[in-house]
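1. For reference, the sequence and a predicted model appear below.
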Amino acid sequence: MPLISVIVPVYRAEAYLDRCVESLLAQTFRDFELILVDDGSPDRCPALCDEWAERDGRIRVIHKQNGGLSSARNAGLDVMEGDYVIFVDSDDAVHPQMLALLLSALTETDADIAVAEFEVFSSDALPPSASEEIRNPPLTLLDLSAGFTNKLFAEFSNSPWMKLYRRQLFEALRFREGLLYEDLHLKPYLLLHPSVRRIVQCGAVLYYYYKSAENVSIMQSSLTPAKLHSAVFSSLDHYRLYKRKGLSEFAHIAAYQLVLNFVVASLSENRSKAFRSAFRSHYFRCFFHVLFLPPAMLSFKNKLVFFSTALPFRALKNRYRRMFRQERALQQPNNFLNYV
């Protein structure tokens, strides 16, 4: 049985897949399985995955219908055999010592999640640091015994990649399918998982995030019906999670973020029929949820703001812009509005 499972979702990555797999097979730590999940990719990726599996016995391939990034990661989690798991995106690459150093950090500190640093690159060649040996990187512990705090939330990065997890964290936990912000949605569930006691941050660049000129971050792109759905669903879901856990401060923030999602949507320049339909659908779906939120979680004034977002009055829109231009709550947990 392999000690580590590496899960790589593969979709439209024909130009980058070889670079990704080569960097993983070059690991100094050898006891791992590499699970390539072909998520119904329409290019040559399915064939490339099979070719790699023929060349190295540690590689397993899953071919499935397209279901999105969360679906592909979940498919890998369903079949993994390792005691630890790590996610790598198919257009990215990693340092040869990534697995060795993260596993060492995890076992040395008895942590449950080990987090590496990452570097952004935009050329075909990897950064020079990919060929440099790393010795004794500094380790920083995040102890969860003090409770769930803003500081902890901020210091734990959003991305599921560049992290090595103990497998028990995903025995019942999965990425929510159908969301664009699957990493942000999962984050509080990981931090509040009963098995997570401490997190170790490894002060070394071990992950290389590829960003091309045409690869625009989803946070930087315009608001769409799918983004609105993801934001609204996650805010409401996190409100329920925090309420269930007795974290009233964070439940209040999530409720407030739910209202802000509709404020931002009402200010959006997207006037398409599909967007207006999505707005109405989510508005009426959330209407009674917002109406019956306890006053301690959402003030009457903010409820009025939510109710008025459906009104097509220019004066109201200008008022929203003045109210929320420097809104401090946008920097709080569960913020899905960075793209505004």
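-> Nice, thanks for sending it over.

2. residues contacting Arg166?
-> 83-84, 106, 112-113, 195 (C-beta atoms under 8 Å, 6 or more residues apart in numbering). (Glycine included, C-beta is placed from N, CA and C.)

3. measure it to Asp83 for me?
-> In this view, Arg166 and Asp83 are 7 Å apart by C-beta to C-beta, to the nearest Å.

4. ditto for Ala255
-> The gap separating Ala255 from Asp83 is 39 Å, by C-beta to C-beta.

5. who has more neighbours, those two?
-> Ala255 (28 against 14; other C-beta atoms under 10 Å).

6. Spit out the contact partners of the more buried one.
-> Ala255 neighbours (C-beta under 8 Å, 6+ apart): 235, 239, 293, 297-298.

7. and with 10 Å instead?
-> Shown in contact with Ala255 (C-beta atoms under 10 Å, 6 or more residues apart in numbering): 235-236, 238-239, 242-243, 289-290, 293-294, 296-299, 302-303, 306, 334.

8. Just the buried subset of the residues you listed, please.
-> When those are checked for burial by 16 or more other C-beta atoms under 10 Å, the buried set is 235-236, 238-239, 242-243, 289-290, 293, 297-298, 302-303, 306, 334.

9. Each with direction, which strands does the helix or strand Tyr165 falls within pair with?
-> In the assignment (DSSP states H and E), Tyr165 maps to strand 163-166. Sheet pairing of strand 163-166 (DSSP bridges) gives strand 84-87 (antiparallel), strand 113-121 (antiparallel).

10. Relative to Glu14, which of those is closest?
-> Smallest distance to Glu14 across those (C-beta to C-beta): 18.7 Å, for strand 113-121.

11. avg pLDDT for the closest one?
-> Mean per-residue pLDDT for strand 113-121: 96.

12. so after that strand, what's the next helix or strand?
-> strand 139-143.

13. If you compare the directions of that following strand and strand 113-121, what angle comes out?
-> Angle, strand 139-143 to strand 113-121, by axes from the mean of the first three to the mean of the last three C-alpha atoms, to 10 degrees: 130 degrees.

14. Give me the buried positions along strand 139-143.
-> Going by neighbour count (16+ other C-beta under 10 Å), the buried part of strand 139-143 is 139, 142.

15. shouldn't Ala204 be in contact with Met98?
-> Yes - the criterion here is C-beta atoms under 10 Å, and Ala204 meets it with Met98 at 8.9 Å.

16. The two: which is more packed in?
-> Met98 (29 against 21).

17. excluding its backbone neighbours, what's nearest that one?
-> Distance criterion C-beta to C-beta, 6 or more residues apart in numbering; nearest residue to Met98, sequence neighbours excluded, is Leu206 at 4.1 Å.

18. Kindly confirm my reading that that neighbour forms part of a strand.
-> Yes - assessed by DSSP: H, G, I helix; E, B strand; the rest coil, Leu206 belongs to a strand.

19. Local confidence estimate at it?
-> Leu206 carries a pLDDT value of 97.

20. For it, which residues are in contact?
-> 94-102, 114-119, 129-130, 134, 137, 162, 164.

21. hang on, the earlier thing: find the residues that touch each one of Ala204 and Met98.
-> 116, 134.

22. how far does stretch 74-94 sit from the chain's center?
-> 14 Å (C-alpha atoms, centre = their mean, to the nearest Å).

23. What is the end-to-end distance of it?
-> Using C-alpha to C-alpha, to the nearest Å, the end-to-end distance of stretch 74-94 comes to 21 Å.

24. again, but for stretch 7-23
-> Terminal residues of stretch 7-23 are spaced 14 Å apart (C-alpha to C-alpha).

25. for the stretch 101-250 of the chain, what spans make up the helices?
-> 150-155, 182-191, 225-244, 248-267 (DSSP state H, counting those that start in this stretch).

26. report the angle between the axes of the second one and helix 248-267?
-> Note on geometry: by the same axes, to 10 degrees, helix 182-191 and helix 248-267 are set 170 degrees apart in direction.
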